[in-house]
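In: sharing a model prediction with you, sequence too.
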Protein chains: 2
Amino acid sequence: MSGFDEATRAVRVDENTYDVHLDPGYAVGGPLNGGYLLAVLLRAVVDASPHEHPVTTSAQFLRVAPPGPARVRLEPLKSGKTVTMTRATLLQDDVPLIETLVTTATLNDVVPDWSDGPAAAIPPIEECLRLPVPDPSSGMTLSERTELAFDPPTVGWLDGRPTGRPEVRAYFRLTESKEPDPYVLAMAVDCLPPVIFSAGARGWAPTVDLTWHLRALPAPGWLTLLGSGRLIGDGWFDEEVEVWDSAGRLVAQSRQLARVGRG
Amino acid sequence: MSGFDEATRAVRVDENTYDVHLDPGYAVGGPLNGGYLLAVLLRAVVDASPHEHPVTTSAQFLRVAPPGPARVRLEPLKSGKTVTMTRATLLQDDVPLIETLVTTATLNDVVPDWSDGPAAAIPPIEECLRLPVPDPSSGMTLSERTELAFDPPTVGWLDGRPTGRPEVRAYFRLTESKEPDPYVLAMAVDCLPPVIFSAGARGWAPTVDLTWHLRALPAPGWLTLLGSGRLIGDGWFDEEVEVWDSAGRLVAQSRQLARVGRG
């Protein structure tokens, strides 16, 4: 079992309750990464579903989550031949941290009827940038678990040269030798720096809600994450991430609405 | 009070319960339009919130809704200075039809810090097409309540000339003299023909989940709806709608995942 599988394990207590342990290795400063938390929650949802894959997930982030024991509570909403719909809540000490609505279904490995191309181009991985390892005191443990190679201009903000528009693009994989699966995708859609950093903003940008769709099962190898936004204003911004696999297929789409940080 | 306001009225029963009446005038065949149902539900959510606007709405469509009396049940999740989060369920005879997670906040009428341009161009409204009024036996009552003027190629499928890619673009307003507001936007994001009709598909395309974000309060006048999709495959497709107001501002963004029809 991979470290990621172990860190997202959900242990069945009864048909609607799962015990989980939130792993300190997926933190961004104090709080844990929201995508990691969704991966944990989705393990429970899928385990309880007659279907195999988390096709749609809509999440509201109520509170930040510190590491430690937690629980996933399920409420079955509807189950049919094609889809099962579930409400799932991640709680710590009975306090809800994340509320979600999840649709599970079983995807088949078929050629798409129609697919658009990637939303943006990214140079070959050899021309992309790895960021310096953060100081251990930063609590950015997630950066040890994930490898990101950035399209250079989209991290120009690190040197005071933001591109002036919300965007970030990178290749992504887990540091350990585990190939991508739907749970890795749940984390991947939320593990880029906020797109607004490229537009000149800084600081903690709390996600209010995030919806992501699993569109296909990812092939082994690097994932490509294409992040962008459409509007920044009145303290809010949207962030969209498309995930393409190494076989050139769109495997996940996300959009989140978040607050602009005051950093 | 406008017809739309009346048709979306939510009458408080107690702090977490609202009575509503689903109006037969917003039907697409037998079932009611999903966006209309969201507008009804959001009226109750906002009435119960200390904030003024439904900023994010994530909905799962469990069952189609016929006209008649219904109820909205609220479950407060979190309320703070900036946002209030609520779970809201639309029910008929105690059977849930739509499950949602909604974030309310109060938007201010400010100039955006940054905005991208529209996702696609649309010709002037004089060059756009009105569709023939559907036969009353079709049950498409929604088309009497709304005015749509289509970018001609994106309804070429009506004459057997689909563009070959998922897309549909139109100007939109209510037939009655009511200017757009957030509830009209909730309906607008779900009242175009499915984008896959332009890609050659036909038939009832049931929405599984729909998430939309209110980004600004719309100016009076026509709205512009820009619909597109990224991937059609394995019986699923995504549909995204951007809504721009007459002042040239992005006022709403939606994405839904739906099933390809078998028509």
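Out: Arrived safely.
In: chain neighbours aside, what residue packs nearest to A:Pro96?
Out: Spatial nearest neighbour of A:Pro96, excluding adjacent residues (Cβ to Cβ, 6 or more residues apart in numbering or on different chains): A:Thr89 at 5.1 Å. To be clear about C-beta, it is placed using only N, CA and C from the backbone, and glycine gets the same treatment.
In: right, and that neighbour touches A:Val102 too?
Out: No - A:Thr89 is not in contact with A:Val102 according to Cβ atoms under 8 Å; the separation is 10.9 Å.
In: near the residue nearest to A:Pro96, how many other residues are there?
Out: Residues near A:Thr89, counting by other Cβ atoms under 10 Å in any protein chain shown, number 19.
In: write down the beta-bridge partners of it, one by one.
Out: Legend: beta-bridge partners of A:Thr89 under DSSP bridges are A:Arg73, A:Glu99.
In: where does the residue lying closest to A:Cys128 once chain neighbours are set aside sit: helix, strand or coil?
Out: Sequence neighbours aside, A:Ala149 is the residue nearest to A:Cys128 in space, at 3.8 Å (criterion: Cβ to Cβ, 6+ apart). Put simply, A:Ala149 is strand when judged by DSSP: H, G, I helix; E, B strand; the rest coil.
In: pLDDT wise, what is A:Ala149 at?
Out: pLDDT, A:Ala149: 98.
In: residues in contact with it?
Out: Under the criterion of Cβ atoms under 8 Å, 6 or more residues apart in numbering or on different chains, the neighbours of A:Ala149 are A:125, A:128-130, A:170-171.
In: what do you get if the cut-off is 10 Å, keeping everything else the same?
Out: By Cβ atoms under 10 Å, 6 or more residues apart in numbering or on different chains, the residues touching A:Ala149 are A:122-131, A:169-173, A:222, A:224.
In: what does A:Thr57 give?
Out: Going by Cβ under 10 Å, 6+ apart, the list of residues near A:Thr57 reads A:38, A:41-42, A:45, A:88, A:100-104, A:182, A:186, A:189, A:210-214, A:254, B:58, B:209.
In: ok, A:Glu176 next?
Out: A:2-5, A:145-147.
In: what's the next secondary structure element after whatever helix or strand A:Leu37 lives in?
Out: Secondary structure assignment for A:Leu37, by DSSP states H and E: helix A:34-48. Counting by DSSP H and E, the next helix or strand C-terminal to helix A:34-48 is strand A:53-61.
In: now the buried members of the contacts of A:Ala149.
Out: Buried by 16 or more other Cβ atoms under 10 Å in any protein chain shown: A:122, A:128-129, A:169-173, A:222, A:224, out of the contacts of A:Ala149.
In: and which of these is nearest to A:Ala199?
Out: A:Arg169 (14.4 Å; Cβ to Cβ).
In: helices and strands around the helix or strand hosting the closest one, which ones?
Out: A:Arg169 is part of strand A:167-174, with elements assigned from DSSP H and E. Strand A:167-174 sits against strand A:146-150, helix A:182-188, strand A:223-228, strand A:236-244, with contacts defined as 3 or more Cβ pairs under 10 Å, 6 or more residues apart in numbering or on different chains; DSSP states H and E.
In: let's see that with 7 Å instead.
Out: Here strand A:167-174 touches strand A:146-150, strand A:223-228, going by 3 or more Cβ pairs under 7 Å, 6 or more residues apart in numbering or on different chains; DSSP states H and E.
In: quick one: closest of those to B:Lys81.
Out: Nearest of the helices and strands packed on strand A:167-174 (Cβ to Cβ): strand A:223-228, 28.6 Å.
In: what is the mean pLDDT for that closest one?
Out: For strand A:223-228, the per-residue pLDDT averages 98.
In: hmm, who's touching it?
Out: A:118-120, A:122, A:166-173, A:180, A:188, A:192, A:195, A:239-245 (Cβ atoms under 7 Å, 6 or more residues apart in numbering or on different chains).
In: and which of the buried ones among the contacts of A:Ala149 is nearest chain B?
Out: A:Thr224 (14.3 Å; Cβ to the nearest Cβ).
In: run through the bridge partners of the closest one.
Out: A:Tyr171, A:Trp244.
In: sorry, back to before: who are the contact partners of the residue nearest to A:Pro96?
Out: A:73, A:96, A:99.
In: mind running it again at 10 Å?
Out: A:Thr89 neighbours (Cβ under 10 Å, 6+ apart): A:41, A:60, A:62, A:71-75, A:96-100, B:77, B:87.
In: go on, A:Ser254?
Out: Counting by Cβ under 10 Å, 6+ apart, A:Ser254 has contacts A:35, A:57, A:185-186, A:188-190, A:210-213, A:225, A:227, A:239-243, B:255.
In: can you give me the pLDDT of it?
Out: At A:Ser254, pLDDT is 98.
In: show me where the stretch 101-250 of chain A has strands.
Out: Ranges of strands within the stretch 101-250 of chain A are A:114-115, A:146-150, A:167-174, A:207-214, A:223-228, A:231-233, A:236-244, A:250-259, based on DSSP state E, counting those that start in this stretch.
In: so the fourth one versus strand B:250-259, what angle?
Out: An angle of 30 degrees separates the directions of strand A:207-214 and strand B:250-259 when computed by axes from the mean of the first three to the mean of the last three Cα atoms, to 10 degrees.
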